[in-house]
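1. Generate coordinates for the sequence data below:
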Amino acid sequence: MAKFGKWIGGGLGWAVGGPIGALFGFALGTVFDKSAGEESFKTSTSTRGRYQSTPNDFGASLLVLVASVMKADGKILKSELEYVRRFFNKQFGSEKTKQHMLVLRELLKKEIPLQDVCLQIKTYTKYPARLQLMHLLFGVAAVDDHIDESEIRIIEQIASYLGIRQADYASIKAMFLKEVDGDYKILEIDKNATDDELKKAYRKMAVKYHPDKVSHMGDEYKDSAKEKFQKMKDAYDNIKKQRGMK
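-> Presented below is the predicted three-dimensional model:
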């Protein structure tokens, strides 16, 4: 039975288009070419249907960026793969997760044109969703309880390409890395701020990180959005406790 990798890789009408579509074409084509026979054809055809998407496909964007972060330190950890598997399983169910993980494993072998990929994401993705991407990428990097400097550099590079404001990047980074005055960084406020300024900053961040901001992405991303919101709230509660505020 003939292999279908070239056919699938070239048929990007059903993929996400642009550099992300090209990467998915490569990954899916490789996955399909590793199988043979009639059953492979059935699997290829059904998977093709599941991967129909648009240029702003958040799941596709996430997979490509996750691959970039995982490759940054030169080693692919089972714990990182398991974290991603659990995340996608929770968001999309076990069947689609199998396909996501097959694609991810092939993306990890591919050189990723990071700037081009990020430009595509920036063009088609709203700013709150890009903030959510940053949170998820730090989650992958921190899964082994240690974020390597190479991972920080690649995430910072991604943030720059995605047009993430420096204060927002520092805020999300502080949610995962213990830093001096980290709670203040999460709230994007100086340690010397007054109590009134602190309350105002909290209200502003509560709006920015509210899960409703990414409701357009679908219910599958609500849990991770709630996690980001809770970390912001915890930072506020910690500062209030330190200051003896009610």
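
2. got any ranges where the protein has weak pLDDT?
-> 1-16, 32-56, 91, 217-220 (pLDDT under 70).

3. got the buried residues for the lengthiest helix in the chain?
-> Longest helix in the chain by number of residues (criterion: DSSP state H): helix 222-243. The neighbour-count check on helix 222-243 (16 or more other Cβ atoms under 10 Å) flags 224-225, 228-229, 231-232, 235-236, 239-240 as buried. Every C-beta, even on glycine, is put in place using the N, C-alpha and C of the backbone.

4. got it, and stretch 57-77?
-> Quick answer for stretch 57-77 (16+ other Cβ under 10 Å): 57-73.

5. Could you list which of those residues belong to helices?
-> Short answer: these in helices (DSSP H) are 58-72.

6. right, and out of the residues you listed, which lies closest to Ala206?
-> Among these, Phe58 lies closest to Ala206 (Cβ to Cβ), at 23.0 Å.

7. and that closest one, what does it touch?
-> 125, 129, 133, 217, 221 (Cβ atoms under 8 Å, 6 or more residues apart in numbering).

8. If you rank those by neighbours, which is first?
-> Leu133 (24 neighbours; other Cβ atoms under 10 Å).

9. how about the nearest residue to Ala193, chain neighbours excluded?
-> Closest residue to Ala193 apart from its sequence neighbours, by Cβ to Cβ, 6 or more residues apart in numbering: Ala201 at 6.9 Å.

10. Is the one you found in a helix, a strand, or coil?
-> helix (DSSP: H, G, I helix; E, B strand; the rest coil).

11. Ok, Val207 next?
-> helix.

12. Contacts only, for it.
-> Lys213.

13. So it versus Ala193, what's the distance?
-> Counting by Cβ to Cβ, to the nearest Å, the separation of Val207 from Ala193 is 18 Å.

14. got the domain boundaries for this protein?
-> By the assignment in automatic domain parsing, the chain contains the domains 1-164, 166-246.
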